[in-house]
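A.B. asks: pasting a predicted model and its sequence here:
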Amino acid sequence: MLTLFYSPHMTSTDNEAKRASGHADVSLSEMGRQRAHELGQHYATETLDAIFCSDLQRAFITSQIAFADRGLPIIPDARLREYDYGDMTQYPLAQVEEEFPRRIREPFPNGESLLMVVQRVGAFLHDVLPDYDGKTLVIIGHRATKYGLEYWCNNVSLEEIVQASWPWLDIPIWRYELHAHDLQQRSVIS
């Protein structure tokens, strides 16, 4: 069994402007940097083996700040990125969120669907599980990253994922457990 802790990246400049960054590589805001220090304090008592994060700087820098004194490997992986909103990258957040129910299987124009996001997060999990089985990882990512974890670890449907509220910073840490049979049972996404 793999134990996963998930936290979103801390506040970015686009978050403050209420824009949906998608794959745009925006930086953390000053508030985000402060919150990243606080996030590290939340993890202070956890025994961890590695940190995986999106390769976008807002997630990578959150990881570096939060775990600076832990001596843990921080491994960026593009499969943990936010949705690719395509032509809607950096549009107003509310406008992009309105699209989510329509984008479960149909991609954003020149971007990704939720199905595509879940498939790439699943590929990440398939790759890390054999090497980290029995260990505890932290994943620092985005809304899309959490959606993939909900699908693979909690057996939640794509439709339920889109309908669920996104509390973002209300709960800084979510815990998941993943067994190899979870991935095998859910390997076919329709």
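C.D. replies: Alright, I've got the coordinates.
A.B. asks: how near is Glu97 to Val121?
C.D. replies: Look at Glu97 and Val121: by CB to CB, to the nearest Å, they are 19 Å apart. (Glycine included, C-beta is placed from N, CA and C.)
A.B. asks: of those two, who's got more company?
C.D. replies: When Glu97 and Val121 are compared for neighbours, Val121 comes out ahead with 25 against 14, by other CB atoms under 10 Å.
A.B. asks: in what helix or strand does that one lie?
C.D. replies: In this assignment (DSSP states H and E), Val121 forms part of helix 114-132.
A.B. asks: could you pull out the helices for the chain?
C.D. replies: Along the chain, counting by DSSP state H, helices occupy 13-17, 30-42, 57-66, 93-99, 114-132, 143-154, 158-163, 180-185.
A.B. asks: what pLDDT is listed against Gly71?
C.D. replies: Predicted confidence (pLDDT) for Gly71: 93.
A.B. asks: now the chain, which segments are flagged as low pLDDT?
C.D. replies: 168-171, 185-190 (pLDDT under 70).
A.B. asks: same thing but 90
C.D. replies: Residues of the chain meeting the criterion pLDDT under 90: 155-156, 164-172, 179-190.
A.B. asks: mind checking the end-to-end distance for stretch 3-22?
C.D. replies: Length of stretch 3-22, first residue to last, CA to CA, to the nearest Å: 27 Å.
A.B. asks: in that stretch, which residues are buried?
C.D. replies: For stretch 3-22, a neighbour-count test (16 or more other CB atoms under 10 Å) marks 3-15, 19-22 as buried.
A.B. asks: please apply the same query to stretch 159-175.
C.D. replies: 161-162, 172, 174.
A.B. asks: farthest-separated two in the residues you listed?
C.D. replies: Maximum pairwise distance in the buried residues of stretch 159-175, criterion CB to CB, is 22.4 Å, between Val162 and Pro172.
A.B. asks: who does Pro8 bridge with?
C.D. replies: Beta-bridge partners for Pro8, by DSSP bridges, are Gly141.
A.B. asks: one more: Arg175?
C.D. replies: Going by DSSP bridges, Arg175 forms beta bridges with Phe5.
A.B. asks: I'd say it and Leu4 touch.
C.D. replies: Yes. The criterion here is CB atoms under 8 Å, and Arg175 meets it with Leu4 at 7.3 Å.
A.B. asks: contacts only, for Val128.
C.D. replies: By CB atoms under 8 Å, 6 or more residues apart in numbering, the contact list for Val128 reads 2, 52, 137.
A.B. asks: quick one: the first one from Val138, how far?
C.D. replies: The spacing between Leu2 and Val138, counted by CB to CB, is 12 Å.
A.B. asks: ditto for Glu82
C.D. replies: Glu82 is 18 Å from Val138, by CB to CB.
A.B. asks: just Pro172 next, same as before
C.D. replies: 11 Å.
A.B. asks: same check, this time on Ala59
C.D. replies: In terms of CB to CB, Ala59 sits 11 Å off from Val138.
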